[in-house]
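Chemist: sequence plus predicted model, see below.
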Amino acid sequence: MIHAGDLDAARHLDELTREQDLRAFVLFSSAAGVLSTAGRAEEAAAGAFLNALATRRRAAGLPATALAWDDLPDTERLRLLDVALAADEPVLVPVRIDRAALRERGTTDPMLRDFLPRATAVAPGPADLATLDAGAKMEVLTDLVRREAAIVLRHDVADGGLAATKVFREAGFDSLTAVELRNRLSRALDLTLPVTWVFDHETPRAAARDLLDRLAAPPEAPASNRDFVGVYAALVERGLQPVANDLARPPPRSGTGPPPSPNSRAGSAPPRWRPARSCPSSSACRPSPPGNRC
């Protein structure tokens, strides 16, 4: 356990020895400052302080090594101390990793997940789903999301993966793992999913329902001229007239000859549009000539 006096002592030693030629400056920190350990918030904060102190000294060209210990026998600590001093790292975490226990219980800690093997899953493609009815598709997609979620979290997929009703956040998903899951499903199903897609759908079952809807939706139609006018008007209202004009200019023609002028009929931009709030006499947007505020 690290106490407040230990932190004061480390800080004072850092200040008092900066001008001395030390061979080593060793801090005994805590693994709670590196790993996700529930119920040890104070120790985690103290360990993080010592780790940061060692990192700052190294950045200043001074010797420093912080050892984020966990429960280890003294003989083991002495052996690992010699190993740590030979390593060129400001912070080391000498702990024992029970890989079998991690595989059995799973973990939400991003550092501990790296000690677990990453499983693989064969995802059904759009062609495979096309032959199934809606109920069967929903079941297949739910299983896919559950397995992929378990793979991202390094959980065992032998039992089918993450529970269908398990909330992603409660399972341990953060912003990075959520994007990883979204990317895996996007590639597997050839879909374009939003970056926040995982947290927009709290559970694997809800996520699978959204995937089913997306796969059943018709392809998006190309943007209409009305859509273009709306984009153009938005750019103009934000003072981006040159960008709007570039958007309105048609692509260069193949062959010789200069490209069409932006002021020609083919490359002319729509008239400037103003929102209704700037025109009290009208309830709709309408074009206005340059220089006219309404």
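Modeler: Okay, I see it.
Chemist: show the pLDDT at residue 237.
Modeler: For residue 237, the pLDDT comes out at 67.
Chemist: ditto for residue 240
Modeler: So residue 240 comes in at 68 (pLDDT).
Chemist: next one: residue 245
Modeler: 68.
Chemist: okay, strands next: where are they in the stretch 1-150 of the chain?
Modeler: Secondary structure of the stretch 1-150 of the chain (DSSP state E, counting those that start in this stretch): strands at 26-30, 65-69, 91-92.
Chemist: tell me which of the ones you listed lies nearest to residue 150.
Modeler: strand 65-69 (28.5 Å; Cβ to Cβ). Glycine gets a C-beta too; all of them are placed from N, C-alpha and C.
Chemist: between that closest one and strand 26-30, how many degrees?
Modeler: 30 degrees (axes from the mean of the first three to the mean of the last three Cα atoms, to 10 degrees).
Chemist: about what we covered before: would you turn the strands of the stretch 1-150 of the chain into a markdown table with mean neighbour count and mean pLDDT?
Modeler: Putting the strands of the stretch 1-150 of the chain into a markdown table (neighbours: other Cβ atoms under 10 Å; pLDDT from 0 to 100) gives the following:
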| stretch | mean neighbour count | mean pLDDT |
| --- | --- | --- |
| strand 26-30 | 22 | 90 |
| strand 65-69 | 23 | 90 |
| strand 91-92 | 22 | 90 |
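Chemist: adding distance to residue 85 as columns, could you present those in TSV?
Modeler: Below are the strands of the stretch 1-150 of the chain laid out as TSV (distance: least, Cβ to Cβ, whole Å):
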stretch	distance to residue 85
strand 26-30	7
strand 65-69	6
strand 91-92	10
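Chemist: so which of those gets nearest residue 207?
Modeler: strand 65-69 (36.1 Å).
Chemist: and that closest one, which strands flank it?
Modeler: strand 26-30 (parallel), strand 91-92 (parallel) (DSSP bridges).
Chemist: what residues does the shortest one touch?
Modeler: For strand 91-92, the external contacting residues (Cβ atoms under 8 Å, 6 or more residues apart in numbering) are 29, 34, 51, 54-55, 65-68, 84.
Chemist: what's the answer for stretch 164-181, then?
Modeler: So stretch 164-181 is contacted by 107-108, 110, 142, 146, 148-149, 152-153, 162, 195-196, 198-199, 202-205, 208 (Cβ under 8 Å, 6+ apart).
Chemist: sorry, back to before: want to throw the strands paired with strand 65-69 into CSV with distance to residue 217?
Modeler: Converted to CSV, these look like this (distance: least, Cβ to Cβ, whole Å):
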stretch, distance to residue 217
strand 26-30, 51
strand 91-92, 49
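Chemist: which residue packs closest to residue 18, ignoring adjacent ones?
Modeler: residue 62 (6.5 Å; Cβ to Cβ, 6 or more residues apart in numbering).
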